[in-house]
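Engineer: Model the structure of this input:
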Amino acid sequence: MNRQLLQILLLISSALNVFANGSGEDVSVSAEDKKMGGVLVFARSGDSVGLDPAREMDGESFYATHQVFDTLVEFKIGTTDIVPALAERWEVSQDGLSYKFFLRKGVKFHDGTPFNAEAVVFSFMRQWDGTHPYYEYGPWKYWGYMDMDSIIHSITAIDEYTVEFKLRMVDAPFLANLAMEFASIVSPAAYKADPEGFSFKPVGTGPFKFVSWSKDSDIILEKNENYWQPVYLDRLILKVIPDATARWLALRKGEADIIDFPAADDLPAMAADSSIQLIQQAGLNVGYLALNTEKKPYDDKRVRQAMNYAINRDEIIKAVYGNAGQAAKNPLPPTMWSYNDDIKPYPYDIAKAKALLAEAGYPNGFETEIWAMPVARPYNPDARKIAEIMQAQLAKVNIKVEIISYEWGAYLDKIGNGEHKSALFGWYGDNGDPDNFLFVLLSIPAAEKPASNIAFWRNEAFNKLVVQAKGTMNQTRRNQLYRKAQEIFHEEAPWITIAHSVVTVPARTAVKNFKISPTGLRVFKQVWLDK
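Structural biologist: Numbers count the residues shown, from 1 in each chain. Have a look, this model is predicted:
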């Protein structure tokens, strides 16, 4: 994070003195000395696509699924440290090819059926085994993005409360991957009863039970009284309010307790309101414009480089991110280990862009499309506005841009299938590992449709480096491989990297013990309300 941005954040946090109540202090709560319970309303910019965590890949869906489901291991709240969840402990073989998990006893799914090893095997096998009776209810997107077919050799229930995963190869991020949403454990009974409807009536073991979903309005969840950890809220409502300023008004009027993605212009008013706390953290994210290399003219590296020279990132950040954005030059955020700060960013250079376009055979430019997301995300608070700024900037090098958008679920499906010429998108790290950016977003396996590599960039040299990095537990060696991979990415320019954002979560001061997750989730099981 640059020094100016850091100073601004420190001034805001100092003025509000909110971190003891928000994300900065680890607050211990108990039934004896804290006021708990009540209904918390979280206002967000868009709705979930579906509520089966193995089928979806977007943050809006995961906001809900994370409350309903558990994983074998999880990230300690506010960190990417791996801690026990449905598995009380685990053992890893000396060769790194076997992971044995010892499961928590006495846990039940929300439908009353018991959690056990068979449920774990079912939850993974439906994504992996092509002969499994429920495999056809995919696509299992994240499973493919993580290339799990190449990693897993077998998944076996040793006994009622022991599961063993055997791997085909060493995979350094494997344990962290099991804390991700796609690795959630579902109720086999509920799934078998209605596999098509499970995405709309999910059943897990998580801290909150599903009650109802009114599309584009709200998802209502209630406390799981039998959860294996204390849960304080009686009810959690995820409410859709697409407009950022409308979310702020709902917060100010007490119609919402916590909101997502405030507009930069509204932050000063929030900071001045004594009833509001601003909980902030540098985001583990990147926003970008992916150039579809399967379509002309983006199959030519010179055109992709020209696009990078033609975009003035500083103008975009000033207009859209305000003080909460930092220009991006790499696909990794600068807070992540292995970030290659030696790489020089593409400068804003109209003459260079025109020269490269002429060299590539486009002296008079060309016509193209920029697809813009319909929802605000932490890496891109206003995609339409960014697209409009890019449209004006690219016109200076004779590139004529049409802006296109779709409903969020359709947008995700279409870019995953490569229908776009270029598309605004981004990523929030799922597990604190560079693999989750470089392999998941840019590898050759990730370009298989439905793709997470929506540039459909297939570079053998880059792919070899990130695969080698996955296959070693030596972090020094992994660091070297990832730094080299970023050099190839910069030269080949499959994206126009735009920005990394500081994540700001405004909340009423009555909201206690909320911590921002580095992985972009919103975690509420530890949150309580001061009445």
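Engineer: Please enumerate the helices of the stretch 1-150 of the chain.
Structural biologist: 3-16, 59-68, 117-128, 141-145, 148-151 (DSSP state H, counting those that start in this stretch).
Engineer: Out of these, point me to the one whose mean pLDDT is lowest.
Structural biologist: Mean pLDDT values for the helices of the stretch 1-150 of the chain show the minimum at helix 3-16, a mean of 40.
Engineer: What ranges does the stretch 51-200 of the chain have for its strands?
Structural biologist: For the stretch 51-200 of the chain, the strands defined by DSSP state E, counting those that start in this stretch occupy 73-75, 82-84, 87-92, 98-103, 152-159, 162-167.
Engineer: so which of those is the most packed in?
Structural biologist: strand 73-75 (a mean of 22; mean count of other C-beta atoms under 10 Å). In short, each C-beta sits where N, CA and C put it, glycine included.
Engineer: Could you list the low-pLDDT ranges of the stretch 301-450 of the chain?
Structural biologist: Nowhere does the stretch 301-450 of the chain drop to pLDDT under 70.
Engineer: ok, which stretches of it are helices?
Structural biologist: 301-310, 313-316, 350-359, 383-395, 408-416, 435-442.
Engineer: Please report how far the nearest residue to residue 75 once chain neighbours are set aside lies from residue 524.
Structural biologist: Closest residue to residue 75 apart from its sequence neighbours, by C-beta to C-beta, 6 or more residues apart in numbering: residue 179 at 5.4 Å. Applying C-beta to C-beta, to the nearest Å, the value for residue 179 to residue 524 is 17 Å.
Engineer: Over to residue 76?
Structural biologist: In terms of C-beta to C-beta, residue 76 sits 15 Å off from residue 524.
Engineer: Same drill for those two, tell me which one is more crowded.
Structural biologist: residue 524 (24 against 12; other C-beta atoms under 10 Å).
Engineer: so that one touches residue 42, yeah?
Structural biologist: Yes - Residue 524 lies in contact with residue 42 (C-beta atoms under 8 Å); the separation is 7.4 Å.
Engineer: For residue 64, give me its contacts.
Structural biologist: Going by C-beta atoms under 8 Å, 6 or more residues apart in numbering, residue 64 touches 48, 51, 219, 221, 238.
Engineer: Go through the helices of the stretch 301-450 of the chain and pick out the most buried.
Structural biologist: Among the helices of the stretch 301-450 of the chain, helix 435-442 has the highest mean neighbour count (mean count of other C-beta under 10 Å), at a mean of 26.
Engineer: so how far is that one off the chain centroid?
Structural biologist: Remark: helix 435-442 is offset 12 Å from the chain centroid, using C-alpha atoms, centre = their mean, to the nearest Å.
Engineer: and of the contacts of residue 64, the nearest to residue 404?
Structural biologist: residue 48 (22.9 Å; C-beta to C-beta).
Engineer: Any idea how many residues pack against residue 134?
Structural biologist: By the measure other C-beta under 10 Å, the count of residues near residue 134 is 16.
Engineer: Help me confirm that it comes into contact with residue 127.
Structural biologist: No - the pair residue 134 / residue 127 is not scored as a contact, 9.2 Å apart, by C-beta under 8 Å.
Engineer: ok so, going back, what touches both of residue 524 and residue 42?
Structural biologist: Listed as contacting both residue 524 and residue 42 by C-beta under 8 Å, 6+ apart are residue 236.
Engineer: Residue 278 versus the residue lying closest to residue 303 once chain neighbours are set aside, what's the distance?
Structural biologist: Excluding its sequence neighbours, the residue lying closest to residue 303 (C-beta to C-beta, 6+ apart) is residue 297, at 4.4 Å. For residue 297, the distance to residue 278 equals 43 Å [C-beta to C-beta].
Engineer: Can you check which strand is longest in this structure?
Structural biologist: Counting residues, the longest strand in the chain under DSSP state E turns out to be strand 495-508.
Engineer: what's the following helix or strand after that one?
Structural biologist: Using DSSP states H and E, the helix or strand that directly follows strand 495-508 along the chain is strand 511-512.
Engineer: which secondary structure elements does that following strand contact?
Structural biologist: Counting contacts by 3 or more C-beta pairs under 8 Å, 6 or more residues apart in numbering; DSSP states H and E, strand 511-512 packs against strand 528-529.
Engineer: Show the average pLDDT along the strand it packs on.
Structural biologist: Throughout strand 528-529, pLDDT has a mean value of 94.
Engineer: Note down every partner strand of that strand and its orientation.
Structural biologist: strand 511-512 (antiparallel) (DSSP bridges).
Engineer: Any chance of the backbone angles for the residue nearest to residue 426 when sequence neighbours are not counted?
Structural biologist: The shortest distance from residue 426 to any non-neighbouring residue, by C-beta to C-beta, 6+ apart, is to residue 379 (3.2 Å). Dihedral pair for residue 379: phi -90, psi -10, per degrees, to the nearest 10.
Engineer: For residue 379, give its distance to residue 141.
Structural biologist: Taking C-beta to C-beta, one finds residue 379 at 19 Å from residue 141.
Engineer: okay, the two: which has more neighbours?
Structural biologist: It is residue 379, of residue 379 and residue 141, that has more neighbours when counted by other C-beta under 10 Å, with 29 against 20.
Engineer: Correct me if wrong: the more buried one contacts residue 501.
Structural biologist: Yes - between residue 379 and residue 501 there is a contact under C-beta under 8 Å: 5.8 Å.
Engineer: joint contacts of these two?
Structural biologist: What both residue 379 and residue 501 touch, as defined by C-beta under 8 Å, 6+ apart, is the set 283, 285, 287.
Engineer: Might you report the residue contacts of the second one?
Structural biologist: Right, residue 285. Counting by C-beta under 8 Å, 6+ apart, residue 285 has contacts 333, 378-379, 426-429, 500-501, 503, 520.
Engineer: list the contacts for the residue nearest the centre of the chain?
Structural biologist: Closest residue to the average C-alpha location of the chain: residue 428 at 3.7 Å, with C-alpha atoms, centre = their mean. Residue 428 makes contacts with 59, 283-285, 377-379, 519-520, as judged by C-beta under 8 Å, 6+ apart.
Engineer: before we move on, the earlier item: can you lay out the shared contacts of residue 379 and residue 501 as a markdown table showing pLDDT, secondary structure and distance to residue 329?
Structural biologist: Shown next, in a markdown table, are the shared contacts of residue 379 and residue 501 (pLDDT from 0 to 100; DSSP: H, G, I helix; E, B strand; the rest coil; distance: C-beta to C-beta, whole Å):
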| residue | pLDDT | secondary structure | distance to residue 329 |
| --- | --- | --- | --- |
| 283 | 84 | coil | 16 |
| 285 | 95 | strand | 14 |
| 287 | 97 | strand | 13 |
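Engineer: quick check, nearest of those residues to residue 468?
Structural biologist: Distances from residue 468 to the shared contacts of residue 379 and residue 501, taken as C-beta to C-beta, are shortest for residue 285 (25.4 Å).
Engineer: Among the contacts of residue 428, pick out the one closest to residue 337, please.
Structural biologist: Closest to residue 337, out of all of the contacts of residue 428 and judged by C-beta to C-beta, is residue 284, at 11.2 Å.
Engineer: what's the lengthiest helix in the chain packed up against?
Structural biologist: Scanning the chain for the longest helix, with DSSP state H as the assignment, gives helix 475-492. Helix 475-492 sits against helix 301-310, helix 435-442, helix 460-470, with contacts defined as 3+ C-beta pairs under 8 Å, 6+ apart.
Engineer: Format those as TSV; extra columns: distance to residue 193.
Structural biologist: TSV is the format used below for these (distance: least, C-beta to C-beta, whole Å):
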stretch	distance to residue 193
helix 301-310	49
helix 435-442	32
helix 460-470	37
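Engineer: List the residues that contact residue 161.
Structural biologist: The neighbours of residue 161, taking C-beta under 8 Å, 6+ apart as the test, are 102-105, 116-117.
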